[in-house]
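Peer 1: Prediction below, plus the sequence it came from.
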Amino acid sequence: MSTSAKERPMRADARRNYERLLTEAKGAFLEHGADAPLEDIARRAGVGIGTLYRHFPTRLALQEAVYRDQVESLVAAAYDLAETLPPGEALAAWMRSFVESARTKRGLMQTLKAVIDKHSELFARCHEEIREAVGLVLARAQESGTVRPDLTVPDLLKLIHALSVATEHAPPQDIDRLLSFLLDGLRSQP
């Protein structure tokens, strides 16, 4: 059985083009919203519009790829932190990375969520991946006795999302201070 072109790994130059297109699309969506001109994204990435369409046949395909990339970064951070830091520190570091990601990519995820079907397989899969990754970090922190046992993954995600929205335009020191209050509230009580 032969593999189709979609299943074969990308050539190195195609992979570089794909990555540059994703990077430039993130910036363009941040600057201009979900309707950023695709020609500008291709130009900024140093490729032709045909290359953009070979990788992303539709605007929605590009938007979904950027959304998936952002979620995958948060998921990877959760797993990396769970493996490299003590449980309570891993949870705090992931929460910081979530808030920082939301702050530096102001509105990107909301812009993309507005155009991606909330009932789509991609949306459901991304939410499940985030819940699983955060669930691991949270469970380890709870098992270590660092974090209160009644905190659930949905609770944590709502709290961190609320903090992200509330500090969108705040200076870093305010974010750190508010995050420390939140973390204090999540600690196990003696």
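Peer 2: That came through, no problem.
Peer 1: does Arg68 really touch Ser120, like I thought?
Peer 2: No: applying C-beta atoms under 8 Å, one finds Arg68 not in contact with Ser120, separated by 11.1 Å. Where C-beta positions appear, they are placed from N, C-alpha and C, glycine not excepted.
Peer 1: of these two, who's got more company?
Peer 2: Ranked by neighbour count (other C-beta atoms under 10 Å), Arg68 and Ser120 place Arg68 first, with 18 against 12.
Peer 1: how close does that one sit to Leu62?
Peer 2: 11 Å (C-beta to C-beta, to the nearest Å).
Peer 1: same deal with Arg103?
Peer 2: 24 Å.
Peer 1: Have a look at the two and say which one is more surrounded.
Peer 2: A count of neighbours by other C-beta under 10 Å puts Leu62 above the other of Arg103 and Leu62, at 23 against 15.
Peer 1: The closest residue to that one other than its chain neighbours: neighbouring residues, count only.
Peer 2: Leaving aside its sequence neighbours, Leu62 sits nearest to Phe56 (C-beta to C-beta, 6 or more residues apart in numbering; 3.9 Å). Phe56 has 22 neighbours, counted by other C-beta under 10 Å.
Peer 1: give the contact list for Phe56.
Peer 2: 21, 62, 65 (C-beta atoms under 8 Å, 6 or more residues apart in numbering).
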